Structures are given as structure tokens and as C-alpha cells.
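Peer 1: below is the structure, and that's it, no one-letter string:
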């Protein structure tokens, strides 16, 4: 039987995902408004050695992956909706899709920072901050109480109806 009371790490995880979105959306939209990065105080010269000529693609990534997707995950974590198109992930993890994608979000944030440092170098305290942020997102998904809260009954690789 799945617990009905939300464990405290779930609340912290949801708050952290909302805060991630609050940081990513303005930055991403800033890059979309000015793909040169000038208005954001970042010159296009920082992109030297990267596959990008402007900040358009990084801006889209920030808006969609760390902004909008973080908000969708927050909704999923708090409401636990059943969305059939995520059943394959649910069958693989045995947890609700929002749990699995929250782990992925933490990994994606860490990869984003590693790639950023590899391409443009370490330029800000925010890079190690967000790397650790990704670790914390993952860690909040791992307690047994959280996994029990998001556990789903799975039969034949798909969630039981």
C-alpha cells in the first residue's frame, strides 16, 4: 500500500525544482531576447570552442528543460497524475514517472554544468552551486520513504490499471 502522507524530502524536492525554474526561465528568456548575450552581461566570445554561434540554443534549453520541465515535474511530484505516455519509464523504475524524471533532472543539471565548464571554463560560483544542486535533487529522490510514496504496481512491464 502506498503511503498517503507526502514525505518531507518530496516537499523540499518540489521547492527546489520550482527554484530551479525561477532561475532558468529569466536567464533562458534573456538569451532568447538577445542571443548575443550582451544584455545578460555575457559576451559571445565565451562561446568560442563551443558548437554554438549564439546563446539561442542554450536559452531554449534553459527555458524548456530547466524551466518548463521543472514545473511539470513539480506538478507530477505533488499530484502524481497518471499520464500513459510515461508508462514505459514507470514500468522500468517501478516508481511514478515524476520520481524517475526528477532523478534525470538532477543528472541533466550536473551534465549541463560539466559541459559548460568544459566549453567556457569555470567563470562563476554558480557553476559549482548548480552542480551540487543536481546532486541534492538526486539525493532527495533516494530515501526509502520517497520511493515508497511514488511506488506503482507494475504488471507485465506496464503499470497496473
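Peer 2: Right, received. Where do you want to start? Note that the structure is a prediction, hence the values are computed from the model and not measured. Residues are numbered from 1 along each chain as shown.
Peer 1: could you point out which element follows the helix or strand where residue 75 lies?
Peer 2: Assigned by DSSP states H and E, residue 75 belongs to helix 69-79. Using DSSP H and E, the helix or strand that follows helix 69-79 in sequence is helix 87-93.
Peer 1: now for that following helix, which elements pack on it?
Peer 2: Judged by 3 or more C-beta pairs under 8 Å, 6 or more residues apart in numbering; DSSP states H and E, helix 87-93 is in contact with helix 97-120, strand 158-159. All C-beta atoms are positioned from the backbone trio N, CA, C, and that covers glycine.
Peer 1: looking at the protein, which helix is longest?
Peer 2: Assignment by DSSP state H gives helix 8-33 as the longest helix of the chain.
Peer 1: quick one: average pLDDT of the helix or strand that it is followed by?
Peer 2: Per DSSP H and E, the first helix or strand lying C-terminal to helix 8-33 is helix 56-61. Helix 56-61 shows a mean pLDDT of 97.
Peer 1: repeat that for stretch 20-39.
Peer 2: Stretch 20-39 comes out with an average pLDDT of 97.
Peer 1: outside of it, which residues touch it?
Peer 2: Stretch 20-39 is contacted by residues 40, 43-44, 46-47, 54-56, 58-68, 70-71, 74, 105, 109, 133, 137 when judged by C-beta atoms under 8 Å, 6 or more residues apart in numbering.
Peer 1: just the buried residues of those residues.
Peer 2: Buried by 16 or more other C-beta atoms under 10 Å: 46-47, 55, 58-59, 61-63, 65-67, 70-71, 74, 105, 109, 133, 137, out of the contacts of stretch 20-39.
Peer 1: let me see the contact set for the most centrally placed residue in the chain.
Peer 2: Nearest to the mean C-alpha position of the chain, counting by C-alpha atoms, centre = their mean, stands residue 105 at 3.0 Å. Applying C-beta under 8 Å, 6+ apart, we find residue 105 in contact with 17, 20, 66, 69, 70, 73, 134, 137.
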